[in-house]
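Engineer: Next come a sequence and a model predicted from it.
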Protein chains: 2
Amino acid sequence: MPAVARDVAMNYAQLIDRLRQRLGPSGILTDLADTDPYCEDWRRLYHGKTPAVLRPANTAEVADAVRLCAEARVPIVPQGGNTSMVGGAAVSDDGSQIILSLSRMNKVRDIDPVDMTMAIEAGVTLKAAQLVAEEANCLLPLSISSEGSAQIGGVLATNAGGNNTVRYGNARDLVLGLEVVLPDGAVWNGLRRLHKDNTGYCLRQLFIGSEGTLGIITAAVLKLFPRPREVEVALCAVASPEAALRLFQAVQQHDPAAIQAFEYMSGAGMALVERFIPDAKPPLSSPAPHYVLLELATPRQGAGLRSALEELLGAAMEQGVVTDAVIAESGPQRTAIWKLREEHSEAQKRAGASVKNDISVPVSRVPELIRRATVECERLVPGIRCVPFGHLGDGNIHFNLVQPEGADAAQFMARDHEIMDAVNAIVRDLDGSFSAEHGIGPLKAYMMPEWRGGAELDLMRRIKAAIDPAGLLNPGKLLP
Amino acid sequence: MPAVARDVAMNYAQLIDRLRQRLGPSGILTDLADTDPYCEDWRRLYHGKTPAVLRPANTAEVADAVRLCAEARVPIVPQGGNTSMVGGAAVSDDGSQIILSLSRMNKVRDIDPVDMTMAIEAGVTLKAAQLVAEEANCLLPLSISSEGSAQIGGVLATNAGGNNTVRYGNARDLVLGLEVVLPDGAVWNGLRRLHKDNTGYCLRQLFIGSEGTLGIITAAVLKLFPRPREVEVALCAVASPEAALRLFQAVQQHDPAAIQAFEYMSGAGMALVERFIPDAKPPLSSPAPHYVLLELATPRQGAGLRSALEELLGAAMEQGVVTDAVIAESGPQRTAIWKLREEHSEAQKRAGASVKNDISVPVSRVPELIRRATVECERLVPGIRCVPFGHLGDGNIHFNLVQPEGADAAQFMARDHEIMDAVNAIVRDLDGSFSAEHGIGPLKAYMMPEWRGGAELDLMRRIKAAIDPAGLLNPGKLLP
């Protein structure tokens, strides 16, 4: 064994001893059988290995663990629910990186229904946080499909989006304060719950969305909202993406504060759902080329949301913007309509191999994006099935592409970069972004110089070097 | 003249020649008569001098001017409308700092009523920006009392607040994209208008609120909103600050998205307005110990805001939360009610010398803040007139203190730090902030180590050193 490698091995053994002393037996896992589940990401794109998974139970333990690793110059991969779509919490395969799981930091420290705030630790799952808010008769509006596993720390570190951002914003818009363990083990206690506080640089927004590369979020103060008293869900058939946009504008001009979700689906995507998902059928008289799922909600007493929605859809039908529409009559009907949207990914999976693009453009350009990308992809791969869907109200479309019927999956997937590049060229032309809500991780880091190069990437690198000079936090993520 | 001073003088002369060549005669002012108005801040707390005021007309000129100054290692003070309450754009009195005024960069580059966004240059006044939005049938909700002079660049560099933040957030919440000239003259073009874009560190939020110490904002993309169709303004008499808070909660639980403003005023402050401002009198039957100004607004068609407000205030009166209330019947009546709030500063000025505190606490703690600070100040200075007022819905109170009737103004003001410290001790105890919306500037920089010291100030200093290593942008502001 060369001297350097022996030193390194000794370093790890000593470090793990020290970590075990500090965190106790339940605070560290080192057996392969225990650590392995932490070493594979949810999408199974990455499989690495680690000498240890740390499971600190409180902020002081996180701080000490980070300090001990920093002293040994050993890199750390912070991990929440490990539900990243881009490998954000994946560990390298050389066994050099220690995983720090926040899952034991799962306390709600404080909830205040007058302030409408909640102080919560990083390891609480988003679903659990929603339920605690609900018990206090409040709404934590953030909602994503992985909310049963995704933890608050990861949700904030990646600035998660979801269905309700059209009304409440992204994760970063819901945060008043943060507690963060820095790369040297120092703790920044920024757990303020103030709506106005102009006292220096806005550090919390720097850590939110930094994918664990600048610090480890251990707790946060989140904004809460009053719970809706009325909820209405409608499924609308529209003739074109342009009509879907016009419907969005009409609702926005009328009552923007009641738009809980505004989701677009293509006719092709809906047909796959109908074909592959049992008991999933649009409750409309005939198939449509394009659909909108519209959810309105308000805490207003006596809002009369339903009659307002009927009036709005009536006017849209008269103007030819909407060709057919149904409003759910009950909770189960609402669930059935949402199922058509939520099963899009599953239906696509069953239909064959698919290429995914999580992209955004200015809202006004969504129709052009859908048209141009569809034409381009069909030109590239005859028979390809374009199934765009997603958050039209945010300009965020999941432009997914399913292999041609009966084609060879491997042959199709061999062209995935070609297809993604073709879609991204259109996105760029429309002043859009190559990652709307999933982030960068290791998966898209190589795209950063092309999309965010020059002064922007230089600024990011300077900030990284200033806060984590040894590059020990989540190496290989976000920055190329 | 010692050698160093001579070199410095030569540097300045050479630099000004180069700047004049690049910016043209209308792009640079050097005569004392021309530069002097830029050297005094709006509150007249600071009066400095400068060798030159630069007036670049576009981003390329700003970039070149900054680069030339950086090469000569000459510090720059960026200046918008120069309306800072804390000397944020004040220049030092040693003549070493060049002022860079953004006022000629006053174009609206683009406004899109479908995207509800506006791309606008730094030198446009906030008032002008509001009017352009209005012409496009949109609302730019940010509103502050200096909006006729304050420019977008300064408004963003200081993260301005104002009356409508309870609904729309602070300035930072209204920004989708920024264009910034960096300390070395490089330009970061981050003028995106995307609602979802998870591609690296959130740089725009770092520059917003950085008070010109990290870069010079030259343009921004702002979010717009639908214009309200109905507006209602009420003045309410309440028995206590606690009752004011309960009224806020009641409105928030009912229709939070319609709360355009929720302002608290003390009976003492209202009495000063009535005494010193002509034609200013609360339209209620008798004076009250505390008041709330409530504005509701919505773009909803047929919202019936007035009857909802009547019902809400009726219920609040039945519960004893509100003792008396009046709803404005017309535009002029709305203006008359708002005048009672807006003339608070002027009335206090006419009543004598006063000490100002721009502070915030969690919303739930506003009543305790008002009570405790009142008791403490009356104990310190018998006869002192406590006139707290401001944005209760944000937890932001201007806790102002007017000298005792007939007392010596100078003697009173000699105790201003003692009084501020006493108020701030209570603010700290309530987990509040010593600067809610006015920022730090040079005025409060000395308070930063006490309030934001340790890991937080260390992080800010690292970021400053990483982005502006020579410390040339707005020296002496924000960081002590």
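Structural biologist: Yep, that arrived.

Engineer: what's whatever residue of the stretch 251-400 of chain A ends up closest to chain B sitting at in phi/psi?
Structural biologist: With C-beta to the nearest C-beta as the measure, residue A:257 is the residue of the stretch 251-400 of chain A nearest to chain B, at 3.2 Å. (C-beta placed from N, C-alpha, C; glycine too.) Dihedral pair for residue A:257: phi -70, psi 0, per degrees, to the nearest 10.

Engineer: which residue packs closest to it, ignoring adjacent ones?
Structural biologist: residue B:257 (3.2 Å; C-beta to C-beta, 6 or more residues apart in numbering or on different chains).

Engineer: Equivalent analysis for residue A:18, please.
Structural biologist: Residue A:18 sits nearest to residue A:68 (C-beta to C-beta, 6+ apart), 5.2 Å away.

Engineer: How about residue A:363?
Structural biologist: Nearest one to residue A:363, counting by C-beta to C-beta, 6+ apart, is residue A:395 at 4.3 Å.

Engineer: Could you list the low-pLDDT ranges of the stretch 1-150 of chain A?
Structural biologist: A:1-10 (pLDDT under 70).

Engineer: gap between the residue of it found nearest chain B and residue A:124?
Structural biologist: Residue nearest to chain B within the stretch 1-150 of chain A: residue A:114 (4.0 Å; C-beta to the nearest C-beta). Per C-beta to C-beta, to the nearest Å, residue A:114 is found 21 Å from residue A:124.

Engineer: okay, these two: which has more neighbours?
Structural biologist: residue A:124 (27 against 14; other C-beta atoms under 10 Å in any protein chain shown).

Engineer: Report the contact partners of that one.
Structural biologist: A:106, A:107, A:108, A:132, A:151, A:152 (C-beta atoms under 8 Å, 6 or more residues apart in numbering or on different chains).

Engineer: Is there a quick PyMOL command that grabs whichever of those residues are buried?
Structural biologist: For the buried members of the contacts of residue A:124, the matching PyMOL selection, counting by 16 or more other C-beta atoms under 10 Å in any protein chain shown, is:
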select buried, chain A and resi 106+108+132+151+152
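
Engineer: Return the subset of the contacts of residue A:124 lying in helices.
Structural biologist: A:132, A:152 (DSSP state H).

Engineer: Could you dump the contacts of residue A:124 into JSON lines and include distance to residue A:228?
Structural biologist: Shown next, in JSON lines, are these (distance: C-beta to C-beta, whole Å):
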{"residue": "A:106", "distance to residue A:228": "27"}
{"residue": "A:107", "distance to residue A:228": "27"}
{"residue": "A:108", "distance to residue A:228": "22"}
{"residue": "A:132", "distance to residue A:228": "18"}
{"residue": "A:151", "distance to residue A:228": "25"}
{"residue": "A:152", "distance to residue A:228": "22"}
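
Engineer: now residue A:185, nearest residue through space, not along the chain?
Structural biologist: residue A:67 (2.7 Å).

Engineer: Show me what the strand or helix carrying that neighbour is packed up against.
Structural biologist: In the assignment (DSSP states H and E), residue A:67 maps to helix A:59-71. Secondary-structure packing of helix A:59-71 (3 or more C-beta pairs under 8 Å, 6 or more residues apart in numbering or on different chains; DSSP states H and E): helix A:3-23, strand A:98-101, strand A:175-181, strand A:216-223.

Engineer: And the next helix or strand past that helix?
Structural biologist: By DSSP H and E, the next helix or strand past helix A:59-71 is strand A:76-79.

Engineer: Report all helices and strands that that following strand contacts.
Structural biologist: Helices and strands touching strand A:76-79, as assessed by 3+ C-beta pairs under 8 Å, 6+ apart, comprise strand A:98-101, helix A:152-157.

Engineer: Of these, flag the one that's most buried.
Structural biologist: helix A:152-157 (a mean of 30; mean count of other C-beta atoms under 10 Å in any protein chain shown).

Engineer: Do that one and chain B come into contact?
Structural biologist: No: figure legend: helix A:152-157 not in contact with chain B (C-beta under 8 Å from any C-beta of the partner chain); closest approach 10.7 Å.

Engineer: Figure out how far the helix holding residue A:67 is from the centre of its chain.
Structural biologist: Centroid separation between helix A:59-71 and its chain, computed with C-alpha atoms, centre = their mean, to the nearest Å, is 28 Å.

Engineer: try stretch A:356-372
Structural biologist: The answer for stretch A:356-372 is 18 Å, by C-alpha atoms, centre = their mean.

Engineer: So which bits of it are buried?
Structural biologist: A:356-370, A:372.

Engineer: Span of it from start to end?
Structural biologist: This stretch, stretch A:356-372, spans 16 Å end to end (C-alpha to C-alpha, to the nearest Å).

Engineer: what about residue A:414, how many neighbours?
Structural biologist: Close neighbours of residue A:414, defined as other C-beta under 10 Å, add up to 10.

Engineer: And the furthest pair within the buried residues of stretch A:356-372?
Structural biologist: A:356 and A:364 (24.0 Å; C-beta to C-beta).

Engineer: Please look at residue A:82 and residue A:39 and confirm they touch.
Structural biologist: No: using C-beta atoms under 8 Å, residue A:82 is not in contact with residue A:39, being 9.5 Å away.

Engineer: Report how many residues lie close to the closest residue to residue A:219 other than its chain neighbours.
Structural biologist: In this structure, residue A:219 finds its nearest non-sequential neighbour in residue A:179, 4.1 Å apart by C-beta to C-beta, 6+ apart. Here the number of neighbours of residue A:179 (other C-beta under 10 Å) works out to 24.
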